[in-house]
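**Q** The following block contains a protein sequence and its predicted model.
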Amino acid sequence: MSYIVNNRVFVTEDYREMFETRFRQRAGEIEQQPGFVAMRILRPQGSQAPYVVETEWESQQAFRDWVNSDDFQQAHANPMPKEAFLEGGGLEQFEVIIEARR
C-alpha cells in the first residue's frame, strides 16, 4: 500500500496568493523521484483551516530518500518569509491500510 505525508501549513491572508503561486511555478522535479505517486495542494475552505500539502509515495523509504535528495534541498532553498505563516500545523505521516476508489 501507499505512504501519505501531509504538511499542514497555516498561511496568513496576505501571503495566500504567493503560497499558491509558488506551488504552481515549482520546478516539477518531485514527479521524477523514485517511488513518487502523487501530490495535492489543498486550499482551506475556512479562515481557521490550514493548507494541506499532500504527497503520496510507494513506501516510507521512498519518502525518506526524497527528503535526503538534492531535489528536496533545492525545493526548500528559498523559503517564504516567516511572517507568511501562523503557528500550528506540521508534518503528518500515514501508512495506508485501507483504500477504496471508484
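**A** Great, that's in hand.
**Q** which SSE is the residue sitting nearest the centre point of the chain in?
**A** In the chain, the residue lying closest to the centroid (C-alpha atoms, centre = their mean) is Val53, at 3.1 Å. For Val53, the element it lies in under DSSP states H and E is strand 51-57.
**Q** Run through who's touching that strand.
**A** 2-11, 19, 23, 30, 35-44, 63, 66 (C-beta atoms under 8 Å, 6 or more residues apart in numbering). Using the backbone N, CA and C atoms, a C-beta is placed for each residue, glycine as well.
**Q** Nearest spatial neighbour of Glu58, chain-adjacent residues omitted?
**A** Closest residue in space to Glu58, ignoring its immediate chain neighbours: Gly35 at 4.2 Å, by C-beta to C-beta, 6 or more residues apart in numbering.
**Q** Equivalent analysis for Phe23, please.
**A** Going by C-beta to C-beta, 6+ apart, Phe23 has Ile41 as its nearest residue, at 5.0 Å.
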